[in-house]
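**Student:** Structure, please.
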Amino acid sequence: MEQVLDIVPLRSFVAVADRGGFQRAATHLHLSQAAVSQHVRRLEAATGRRLVQRDGRRSRFTTDGDQLLGYARQILALHDEALRSFGVESAETVTIGSTEHAAAQLLPRLTAVLGESLPDHRVRYRLDRGTALREALGAGRLDLALLPGPSDDPRAAPVGELELTWYSAPAWTRPSGPVPLVAFDSPCALRTRALETLAAYGIHAEIGAEASQLAGVHAATAAGLGVALLATFGTIPEGLVARRDLPPSEPLPLTVWRRQGLDGTVGRCAIASLRRLLATSGNPGIVIARGA
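**Tutor:** This next block holds a predicted model:
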């Protein structure tokens, strides 16, 4: 077999996936963007397949690229394990995906806690929508994902429940007709929970505004375009007020999803660390999940 998958191009390839692009991968690896691009072209030449293609102003992995990514992670894991067996240590990286709901309140503290339980690992994060995080997890671009919403998937482990609160602009008044909702683009667990909660009480609702990011939901709600059901971890977003004239919502489960083939120790440490963090946070917006 003449073609060879070299370690350095494979590491660049994985960095493109984990960092979300060529420039970020180059910055992370202390290389030029041209060097990272050349590494990917070498892999394409070795496999005879197109691995990454342009999608507008961004790049995305092809089906072959996603397939190679899984192999690349395995090859690099064995490579690094072999070096460690000879006493050559290198810090491994755990990539954790999260929706924006958990980012500001949980991730900084989670980094510190994981630093204690996984001292030989670097931790980095990717913030995105839940659907995108699940896709990245399945493709091997994430190791763990912190996601709101119920799941009976064997890759998901419950770590707690998020208390949900209705918010609006201070001057917003409930109309006599349908209640306008400000929600994330579908699909979204919070959007579904908001509609189901109001429907359960016989309250007709309609989507008044949609946004793809949390900042957009906050802005539209503050502009008086409707009410939003949010997990805010006991804090009140700037420019909004909590509403007590709408029916309370059931908490939303919070789960940690694990990549297929992830080192069991890493997954267990991350889940235990998150449960311990939530248990000691004293945060009124979180109910802790017990058990394995």
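**Student:** pull the helix or strand with minimum mean pLDDT from this structure.
**Tutor:** In the chain, the helix or strand scored least confidently by mean pLDDT, DSSP states H and E is strand 286-288, which has a mean of 42.
**Student:** Check the offset of the lengthiest helix in the chain from the chain's centre.
**Tutor:** Ranked by residue count and defined by DSSP state H, the top helix of the chain is helix 63-85. Centroid separation between helix 63-85 and its chain, computed with Cα atoms, centre = their mean, to the nearest Å, is 22 Å.
**Student:** CA-only coordinates of that helix, as PDB, when you get a sec.
**Tutor:** What follows is helix 63-85 as a C-alpha-only set of coordinates in PDB (Å, rounded to 0.1, in the frame of the first residue of the first chain):
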ATOM      1  CA  THR A  63     -19.500  12.100   4.200                       C
ATOM      2  CA  ASP A  64     -16.100  10.700   3.500                       C
ATOM      3  CA  GLY A  65     -14.600  13.500   5.600                       C
ATOM      4  CA  ASP A  66     -16.800  12.500   8.600                       C
ATOM      5  CA  GLN A  67     -15.800   8.800   8.100                       C
ATOM      6  CA  LEU A  68     -12.100   9.700   8.100                       C
ATOM      7  CA  LEU A  69     -12.500  11.900  11.100                       C
ATOM      8  CA  GLY A  70     -13.600   8.800  13.200                       C
ATOM      9  CA  TYR A  71     -10.500   6.900  12.000                       C
ATOM     10  CA  ALA A  72      -8.300   9.900  12.600                       C
ATOM     11  CA  ARG A  73      -9.400  10.100  16.200                       C
ATOM     12  CA  GLN A  74      -8.600   6.400  16.800                       C
ATOM     13  CA  ILE A  75      -5.300   6.700  15.000                       C
ATOM     14  CA  LEU A  76      -4.200   9.700  17.100                       C
ATOM     15  CA  ALA A  77      -5.400   8.100  20.300                       C
ATOM     16  CA  LEU A  78      -3.300   5.000  19.600                       C
ATOM     17  CA  HIS A  79      -0.400   7.100  18.600                       C
ATOM     18  CA  ASP A  80      -0.500   9.100  21.800                       C
ATOM     19  CA  GLU A  81      -1.000   6.100  23.900                       C
ATOM     20  CA  ALA A  82       2.100   4.400  22.400                       C
ATOM     21  CA  LEU A  83       4.100   7.500  23.300                       C
ATOM     22  CA  ARG A  84       2.800   7.600  26.800                       C
ATOM     23  CA  SER A  85       3.700   3.900  27.200                       C
END
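**Student:** residues making contact with that helix?
**Tutor:** Contact partners of helix 63-85, identified using Cβ atoms under 8 Å, 6 or more residues apart in numbering, comprise 5, 7, 10-11, 13-14, 17, 43, 47, 49-52, 61, 89-90, 92, 139-141, 261. Heads up, the C-betas are built off the backbone N, CA and C, glycines and all.
**Student:** ok, and for that helix, which residues are buried?
**Tutor:** Neighbour counts using 16 or more other Cβ atoms under 10 Å place G65, D66, Q67, L68, L69, G70, A72, R73, I75, L76, D80 of helix 63-85 among the buried residues.
**Student:** quick one: average confidence on it?
**Tutor:** Throughout helix 63-85, pLDDT has a mean value of 90.
**Student:** Run through the stretch 1-150 of the chain and note the low-pLDDT ranges.
**Tutor:** 1, 28, 30, 56-57, 87-92, 101-109, 112, 115-116, 119-120 (pLDDT under 70).
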